[in-house]
Each structure stands twice: as structure tokens, then as C-alpha cells.
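*Asks:* give the three-dimensional model of this entry:
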Amino acid sequence: MMTDQPHPPLEATPMLSEVPLVQHMLNGDSMQQMILVQVNPGETFTIRTEDGQVRCITGPAHVPMVSPNGTMPPIYVPPGYMSQVVEENGVRKVMVLPQTTEFHPSMPPPPPLHVPQYLPPHPAMLHQHHMYPREMPPHFMHQLPPPQMYSEQGESCHSASGPPREDRASKSQDHLHRRLAASSSVRITRSPPPSPLKGPSPAPPNNGQNGQNKGLVTPAASPGPTKQKAPGAPSPSDTENDVQCARNLSPVVSQCSIAMTDSGYPVLLSLSSSLMTFSSHRGLETTFTVEDLRPATAYYIKVCASCGSVKGPSSEVADFTTMCAPPEAPAPPRVILHSKSTLVLQWKAPNDNGSKITGYLLEFDEGKQSAFKEVYFGHAKQYKIVKLTPSTNYAFRIAAKNDIGMSAFSEVMTCCTAGSAPQPPAPPRLSASGVSWLTLEWNIPGGLTAGDTLTYTLEMEEEGTGYGFKPKYNGEELSCTLKGLRRSTSYRFRVLAANAEGRSQPSVPVEFSTTPDKPGAPGRPALRGRVQPRCLHTVWDAPKDDGGSPVTQYVLEMDNGWEVVYSGPLREHVCDSLKPGTWYNLRVYCQSAGGQSQASESLTVQTAPVPPGPCQALQLAGKARPRDIPLTWGPPLEDGGAPVSQYIVEMSDSTQGPHRTFYQGLETDCSACQLVPGHKYCFWVKAANQAGWGPLSEMYEFSTAPGPPEPCGPPQLAVKTPTCVLASWEIPACNGAEVFEFRMEWGAAEGTLTLTYCGPAPGYEARNLLPATAYYCRVQAVNSVGAGPFGDVAMVTTPPSVPAAVRSVAVVGEDALAESLAGPASCLALRWEEPCSHGAEIIGYNIDFGEQVPISVGKTNHYILENLQPDTTYRVRVQAINGIGVGPFSASLKARTRPLPPEPPTLECAAAGPQSLKLKWGDGPSRGQLSGATQYCLHMQASADRLVCIYSGPCHTFKVQRLSEATVYQFSIQAHNEAGVGPLSPLYSFSTSRSPPPQLKAPRVDQLESNHYEVTWEALQSMRGDPIVYTLQLQRGRELEQLYRGPASSYKWHGVVPVCDWRLRVCAGRRCPDGVELWGPYSPSIALPGPEPPAASESVAGSRATSRDGVAPRKDRAITDEQFALLLLLGFAIVAILFAVLIQYFVIK
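*Replies:* Numbering: from 1, shown residues only. The predicted structure is shown next:
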């Protein structure tokens, strides 16, 4: 559906909803006709399939339908649209267009056709619908022309604002002729992109002819009868001439030379106008060449101006389309059916590069490795080659042709015709054998032709399984090694041969066996009966795996160099002449026809020992203690052939009393514990080994020493107040020594008790306790022997009390709060930590911050005090409240509210210069203070309505530099601190002063005659129109005399008798319009030359001449101020150095 501008999608009509969607063409019946319904971009075609489902097809798309009787089916047209039937190459297209639509010149005008509003669909259109994925059947590809679609540029042109429709229609024909007559170079101007109606836009077709989504530049002319020419469109002959002219040019447009009127602009190129994803090229040339373009493809280009990093707006998008080219090389054909004398080949259509494929050329080499010959040329994509030789290899290749030319040939495809199956081979023979493998060989069967390739299948049958022969090898080799077989087992084998035509009969079965394996290791030797002191009866089990042959001999070895003690067929043996209590290692291995086995696990056994003798005498290991006696003894002199395994020590209260064991172990020392202090006890000891216990030793008597007192009972705890508890206890048994001291440990945790009381009294009062806290207590008694054990622990819980004092009361900033402060200068945000509740839950807090009544708040840990005085210090205290009462106040916190934003200070001009103004404000230092001080921002008026900040900082002075002389400047200042930014001050006006003249060079003095001098100096230009005056002074030592004042630059001095120390200097002055004179610095002084000497006194004259020439030193010359200051500075430096040396020598050392 081709329209001039996007229209709303077509609604689903009864006619369209009943027409089924045909996925492909049915067959080549001449009565049926292919009809394409073209759907424009942005529109929807609704259709109902045969299963009753409704499908919506969104453009751009071509919907193929089949007319069974060759007539055009009726199509319902919505109001405002008209139907247009276009026939190209025998295929009719139905396009629904607006009534004002303009057509491509190559499209024939629609025939007069009466379309009823509704007709039922033909029954033949509702049967035999098959699915075909995304492309037409291969044998119908050559019958369909490339569909005409809108390009993405056309969609973007519809949506964007452009020239009127009449202008585009008038230019469409000219543009088509220019594109068809253009060579490999296309000139692109900055005119807006042309309308999509001027020519068919390329788009990826759905039939698979364009595999790379490349469109066509101009479709082929549609054959058929001449139709009426559309209004405003060129004649078909003109269009055919243009197409033929384009075909006579180069078949592949691989380069495009693009010129731009502006230089130094980046050029952007794209394949899509809707997405506008451009690949850019930047350069200074006004022409560049784009290479490696796709044939018959529309490209979009735009340009924009750039200068450095600054990029201007892009121009409107222009388009051009490359020329058509021969098709791409097809894929190799494939064999779909073969026999002994025929081959059926099939191939797919390649990319046509913009021109419809007119035929395919199929060549083959006749199976003789000779040159390729043509076997078929036509439109079909499938061909059957007959009268071929059986079992022969043939090579095929294919090429496609369109109106531009012939494509390159595809890769060569080699296939073979069918042949006959081989003869049965000879039976296989055994080449080598092993325990778990067999190697078989066989020969090539007879009756083979040259070049025939065979594959062999070796089949095996295992006896007793009942599964028959199974394949074990399939390949072209004449031998095979089968692994993973069972040892000493017979197998049957046969071999088959196969080629491309089938398999032969199997060979005669043969039988081969694997060899036996060596036996496994026998069982570990074991003992039979009790172990005797001098003999061992050893037995062992046969190996679990005999390796396929019976065991003939067993060999028993002993670890004395693994000496053989027995060799024979029996599986038991008695080893005699052994030592009592000695360890022996035994192992056994066996032998059979398969070889010798591995040795078994060794048996470690010891001959039977005898019980040990009596132990040596018991002795004290140290000093006897009140409740234990340390003992030690020696081992028995004879261990009975085995080491002593343990000892037992027995004790009794008397010689006739019962014995009780208090120690059993391997050590030769122990302690008798839990004894009564000052009591006598009897002790015995005996040893044991593997054979049993030895006899008891002799009796020995030892006595305990006096001991510490017994443990105290749990103390009695009585609560007096929430912070005070009274503890009392009873005096325990003293164990022979009087108790003179008690020690009480106290703590809030049972495991962390600390010593709280130490004294003779049987009671103690604990103070300064925490309310609602559990405390633990225990007591220990001490006598002259030592401290007794602690008694049982007693526990008491103090009653609850008022809360503890609040801690960590602090002022927090606005950034730490969830909500902002109403006024930072009148609010304080407080935060504190919740104190200990002392057993009762805290229900609120009181905040005291002055003489007012404290504020009560709920259970929270922060609060904002409001309506405070700015820049005021408050003492804040917080106390907690629980069910018992009010707790103590916290420590006082000094908090100060923020001040109000500062007022602007008074701005003054401290000093005014010709090019600078030193401004001063406030009463503070000239340099910056701490970062928290008030900051100032000085503004200077740059224009009538704009102020420029020239200084921002804490200083109170600022010098404005680089000003013009005698000019009025306006300034304003504002202050800001933590409270905020203050208002701007009113404008202050200050004026710079006039600059004085510069310093002149030293004047020049010329002696014209005796006592007659002429003084000259340099002249200055007027300063901004102000005249310059000069002053000449005479220095007589420290006296100054003005000789001249005026605008002249020279002065003549008569009748003067100069002295040797007279000097002259001059300065310039500026006479302002208000009468004020600004004088500059004086020039360097120059000495006045003396008069000429008389002839009689030549020596004196020579001396004066020498003095005037500056050769002899001047003894009477006065020192200058600079020289005097330098001398003074040197004197101070020398005195400072001397003081430093004296301090270093006398004070430091």
C-alpha cells in the first residue's frame, strides 16, 4: 500500500478478515494466479487464517495470496482510499492508496475495475495452506520479481516537515532521470531529501533473493500490454530508456565521489534514515571517495560544520543509490538423490545485487578430471543428471546470471554415483595376545576395482553371554587391537567389508583366547590359638584372584632379612625357637602358571611375656602437705619380657584396714590427695605388663602436715538501700590453726569477682552499688597455715532506682538531622545518649536551658530548642525520668546560637594612587584570620546593572590594581559568616589620583664663558593635555636654592662664582586644570664645574682640573642619605653578630 504520507492503519474489514493468509505458492497450475498485497510502513493488514486465528501483519511487508481461478478477488477499500492493481512479470499487486496518491512512472495505471463493497471469498482460496519459513519454495524463486518497499529515508521524510507535495511530485521525475544517468560519482547538495514517491526504495525482500538485505535501484520493466499513462508520470518508453542507460554503465558501483560546497566539515554516512546511525568521515577536503559500498543500496548522507571542538548543526539528509551488479557467487549445489546412473542436484538463489536473476548455469567434469562442461542453463533450482557411470566421482559447480552479467562460479562440489557391495573377506588371524587384549589381522577381499575405498567391521562373540556377535571395530585399517577383555577367556571373531554401496557377508568365525594373569596376593597371615612364649602357629587364606590358573606353592617369610621359613602347598605353619616377648613380622606370597604374586600384608606379632617382679621401695617425692602426700618409686628390676604398662598404688588408714586404690597409671610418681591433715597412712605399689600384675611391694607409712581452714559457708546478704548491702558469714573449722583473717570477693558477674574486704570481722557493708543490679559474693578464711578455699557464692539483687545522669549531651549540626531547622539563629539541635535506667524503663526527659521552667519531652534522644535569642550562650542540662522518679541532671553544656547575618561594613578609601585604590572597611587586621571569622566580598561596578566580585576573604583591606588615573569607580561590599550572607552595601564612589611626571635624567651643565653657565635637561610631553613645568635647584651642602621655575628645558646662569661642592638637580611638574601642580622626583644631582685657572698658578689649576675630572679623591664631599643608611645597617649587623657570639660562648656553653 503506497501512500504519499503516513495514514492510520487500515481497519479489519469483513472481507480482509475472511481471506486466509497463504504462506507460499501452491504449484505451477496455470489456472491459479499469484497476488501480492503490499503493506506500507506504519500500516497493519489484518487477515484470518484457515484455523480461525486473526493475524495482524505490520508493514512494510508483502502478503502473497493465490487466486485459484485466475481472477482478481474483490478487496474492500475503506473510505478515502482507492485500490490500484499493478502487474509485473505476470504477478499482480493490489495496493490500497489514498485518492490523491501519485504513482511511480514505471507503474502502469490501474485498469478500470468495479470493486463491490463486499463479496464472499472464493472457496478455492481456503484449502491446502502450508508453512514455509521466511522464504518462498526454491522452485518458485525465479518467478517472483523483487518486491517494491519503502526505504527508511521515505519514512523519515513523511514524519519530518518538508516541501509541499506538489513540489515533490514535480521533482520526482527529474530526480529519477538524474539517478539513472549518473556514473560512479554522485553529486550531493544540501537540498532536502526527495520524496519516496520519486522511485522505488530498496528494502530486504522476504523471498530470500537478497541475502544481505540489499534493495534494488530500479526494478525491471514489467512485460504486458500497454496501459494508460498516469497523470503527471513519464511514458513507459522513457522509463525503459533510463533503465537501459543505467544498465550500460559499470555493473558494480564500488566508489562514490561526493563533493561539498564547504570545506573542513565532517561527513556522516548511513544505511538507514530512521535510525540515523551514521559512520563518520572527517577531513578538510571538499570531496572524498566512499569505497566498499553495496550494489543497489540506498545510502543517506549529511554534513555539519566544525571548528575545533565546536560543532555546528547538521544539514538535511541527502540520499543516493548505488548501481546494480552481477549476482554474488552461489553456494555449492547439494545432492538430494543419487543412484548408479543419475544424480539429482539442488541449489539456492544467491544475492541478486539489485537485478533479478534470469538463469543458472550448471557445469560438471564428466568424471574424467577434464575441463568443466555445461550441463544445464535455466530458471529452475533443481536438475537431474542421467546416463552416468556407476561408482564414479563427478565435480559440479554453478553460477547465476542477471541482466547485468554472470556471477562467479561456486565452490566445486564432488559426489559419486552408486556401485556394488564388496565380497566377503577371509577370516581374521591372531597377531598377538595378552591378559586383557588380542591383536587381529585380516586381508583385503578380492574383486575390487581401482580407487574403491573399503571400511571393515570386526565383530566379536563372547562365550556364555548369549548376545551373539557385536561390532568392536569399524574403520579402514587391516588390523585391530581389542582391549578390556577378560583373562584366560575364549572369544569368537568375524570380519565384514563395506563400501558406499553396502556391506559384504561376514567371514567364517574363528576363536581365540586371552592368556592367564598372575595370581593376587594371599591373605594376611593370622595366628591360630594362643600366643606362646617360644612358638607361633600361623595360617593364611588363598588369594581371591588366582589369575585364571591354580596356585602351586606358598612361601612364608620372616623379617630377619625376610628369611624364608616355609615353602609348600599348605596354608599353615608353626614357627618355633622364638624369644619370649619379642616382636616378629611375617608375610606370604604364592606362585602359579601365570607367575609370582605380590607379597601379602605383613603380620606383626609378639611372643607371650611373663608378669613383672615387685617394684622398688616407695619414697616421699617432697615435703608432705596437709591434704596430700607426694610419692615416688622405681620400676621393677625384672619386667617379665614386656615393658611395664601401668602401676597401681594402694593406701589404707592402718595396717589392718582395707586397701583402696588412689592411683593407676604409667608414671612412677603420684600424690595421695584429699587426706586429713596430721594423719598417718600406709602405702603399697605393684606393676603390670601384658602378662598380668606383679606382687605388691613392702608397706610404707607417711603422715600429712597441718592444713588451712575449711571453706566458709555462703554469706548472708541484707539489702539496706538500692546502693548499700550488708554481708555477714560464720567462722568455719580451723583445722588445727586459729582463723585470724577473712577475705570477701564482690562483683556484678559471677566469673569476675574482685577482692573487696580483708579483715578479722565476720561481716562487711558494701556501698555505692548500682540499683537493679545482681551482685555476687564469696568469703575465704585464713589461718597460720594458709588461706582456705572460698565458700559458696551468694547472690543479691538491688532494688530499682531513679535513672542515672544523662551523658554525652551535644549540639548537632543541621546536616545530622532528618529535618531542617526553622531558623539556624534561633534554634539549637540537641542529642544525648540514653542513660542507665536502673531497673525502671525511662519514660521521658527534662531539658533545662535557663531560668525558665524545664521542658519535658518524650522518650527520645534528640530535641530542637526553638525561639531562642540569636548569638546567645545557653547552659543546657538534661535529666531522665522513669517510674521511680527523676534522675540527676547531666553536666552543663554551653551552647551558643548562631548570630544573624552580618551587616555590610562602611567602605573607605585608605589610599588613592594613579592606578590603584586601597580600600578599607571595618576594624580588623589587614590579613586573614581563622576560617570561622567573617568573610567579606568586595564588588566593583562593571556596568550600569552588573557588579563583579574582585575580592572574597577575611581581610579588612584590599588594593585594587590596574586602574585608570583620574577616574571615578563605584564599589559595594557585603559580609557573610556561618549565619549566612548579609545584604549588599550602597555604592561607594572613589576616584584615582593623577600621576606625577617621571624622574628626569641628571641635567647637563655647559660653561660658556667665565662665570657663565648653561643648564639643559630633557623635555617631557604633556600628560593627558596637562602642561609640564620644571624646577631647577642648587645644592650648597645642606642648603637648597631654587634657580628656575617654568616650562623651558634650559637655563642660563650669569655672574656666579661656583664652589667645589655646589650641585644642580631638576624635577618636572604636572599643572592640572584646577591649578594644582604634581611634582615628580628630582633627578640625580650633578656637580657644577669650576672656573678656568689663571696662567700663573698652573700647578693649582692642574690640581683643580684633576679634581674636576674626577681623578683625585674628593675629601670634602658630603655623605648621602643612602650611604648613611647603609653604614647604619652594617653597624647593627656587626653588633648583632657580636652579641650572638657572646651568648653562644658564655650562656649556652
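
*Asks:* from here on, contacts and neighbour counts on C-alpha atoms
*Replies:* Fine.

*Asks:* burial of R962, as a residue count?
*Replies:* The tally of other residues near R962 (other C-alpha atoms under 10 Å) stands at 10.

*Asks:* please enumerate the strands of the stretch 801-950 of the chain.
*Replies:* For the stretch 801-950 of the chain, the strands defined by DSSP state E, counting those that start in this stretch occupy 807-811, 828-833, 842-848, 855-857, 862-865, 873-882, 893-896, 907-912, 917-921, 935-943, 946-953.

*Asks:* for the fifth one, buried residues please.
*Replies:* Of the residues in strand 862-865, those with enough neighbours to count as buried (16 or more other C-alpha atoms under 10 Å) are H862.

*Asks:* what do you get for the second one?
*Replies:* Counting neighbours by 16+ other C-alpha under 10 Å, one finds that the buried residues in strand 828-833 are L828, A829, L830, R831, W832.

*Asks:* gap between the residue nearest to the last one when sequence neighbours are not counted and R534?
*Replies:* With C-alpha to C-alpha, 6 or more residues apart in numbering as the measure, V809 is the residue that lies nearest to W832, at 4.3 Å, once sequence neighbours are left out. If you measure V809 against R534 using C-alpha to C-alpha, to the nearest Å, the figure is 92 Å.

*Asks:* those two: who's more crowded?
*Replies:* Higher neighbour count among V809 and R534: V809, with 20 against 17, using other C-alpha under 10 Å.

*Asks:* double-check the more buried one against F889; I have them as touching.
*Replies:* No: with contact defined as C-alpha atoms under 8 Å, V809 does not count as touching F889 (10.8 Å).

*Asks:* name the residues contacting each of those two.
*Replies:* Residues touching both V809 and F889 (C-alpha atoms under 8 Å, 6 or more residues apart in numbering): R877, V878.

*Asks:* between the strands of the stretch 801-950 of the chain, which gets nearest to Q1042?
*Replies:* Minimum separation from Q1042 across the strands of the stretch 801-950 of the chain (C-alpha to C-alpha) falls at strand 907-912, 29.9 Å.

*Asks:* pipe the buried residues of strand 828-833 into CSV and attach distance to M795 and pLDDT per row.
*Replies:* Output for those, formatted as CSV (distance: C-alpha to C-alpha, whole Å; pLDDT from 0 to 100):
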residue, distance to M795, pLDDT
L828, 46, 86
A829, 44, 88
L830, 40, 88
R831, 37, 89
W832, 34, 91
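
*Asks:* just name the closest of the residues you listed to Y554, please.
*Replies:* Out of the buried residues of strand 828-833, the member with the shortest distance to Y554 (by C-alpha to C-alpha) is W832, at 92.4 Å.

*Asks:* test my guess that that closest one contacts A810.
*Replies:* Yes: W832 lies in contact with A810 (C-alpha under 8 Å); the separation is 6.3 Å.

*Asks:* picking that back up, just put the buried residues of strand 828-833 in CSV and tack on distance to V1056.
*Replies:* Output for the buried residues of strand 828-833, formatted as CSV (distance: C-alpha to C-alpha, whole Å):
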residue, distance to V1056
L828, 88
A829, 90
L830, 92
R831, 94
W832, 96
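
*Asks:* closest to L1078 among those?
*Replies:* After measuring those against L1078 - C-alpha to C-alpha - the closest member comes out as L828, at 60.6 Å.

*Asks:* who touches that closest one in this structure?
*Replies:* The contact partners of L828, by C-alpha under 8 Å, 6+ apart, come to V811, I864, L865, E866, A895, T897.

*Asks:* per-residue pLDDT, the third one?
*Replies:* Read it as L865. Looking at L865, its pLDDT reads 85.

*Asks:* for the last one, same thing?
*Replies:* Looking at T897, its pLDDT stands at 84.

*Asks:* tally of neighbours for the nearest residue in space to it that is not next to it in sequence?
*Replies:* Closest residue to T897 apart from its sequence neighbours, by C-alpha to C-alpha, 6+ apart: D871 at 4.9 Å. D871: 15 surrounding residues under other C-alpha under 10 Å.

*Asks:* before we move on, back to that, now do the same contact list for the residue nearest to W832.
*Replies:* L830, R831, W832, E833, R877, V878, S890, L893.

*Asks:* just the closest of those to A621, please.
*Replies:* E833 (62.4 Å).

*Asks:* quick check: the closest one touching R807?
*Replies:* Yes: counting by C-alpha under 8 Å, E833 does reach R807; the two are 5.8 Å apart.

*Asks:* helix, strand, or coil at F1132?
*Replies:* State at F1132, reduced to three classes by DSSP: H, G, I helix; E, B strand; the rest coil: helix.

*Asks:* I'd like to know how far it sits from A642.
*Replies:* Applying C-alpha to C-alpha to F1132 and A642 gives a distance of 106 Å.

*Asks:* who has more neighbours, these two?
*Replies:* Set F1132 next to A642 and count neighbours by other C-alpha under 10 Å: A642 wins out with 21 against 11.

*Asks:* quick one: contacts for the nearest residue in space to T797 that is not next to it in sequence?
*Replies:* Nearest residue to T797 in three dimensions, chain neighbours excluded: A774, at 4.2 Å (C-alpha to C-alpha, 6+ apart). Shown in contact with A774 (C-alpha under 8 Å, 6+ apart): A748, A749, M795, V796, T797, T798.

*Asks:* let's see it at 7 Å
*Replies:* A748, M795, V796, T797, T798 (C-alpha atoms under 7 Å, 6 or more residues apart in numbering).

*Asks:* correct me if wrong: the last one contacts T773.
*Replies:* Meaning T798. Yes: contact criterion C-alpha atoms under 7 Å: T798 and T773 qualify, at 5.5 Å.

*Asks:* P899: how many residues sit nearby?
*Replies:* By other C-alpha under 10 Å, the residues close to P899 number 17.

*Asks:* quick check, it in contact with A825.
*Replies:* Yes: between P899 and A825 there is a contact at 5.7 Å, judged by C-alpha under 7 Å.

*Asks:* residues that sit against both of the two, list them.
*Replies:* Counting by C-alpha under 7 Å, 6+ apart, the residues touching both P899 and A825 are P870, A979.

*Asks:* tell me the mean pLDDT for stretch 56-71?
*Replies:* Stretch 56-71 comes out with an average pLDDT of 67.
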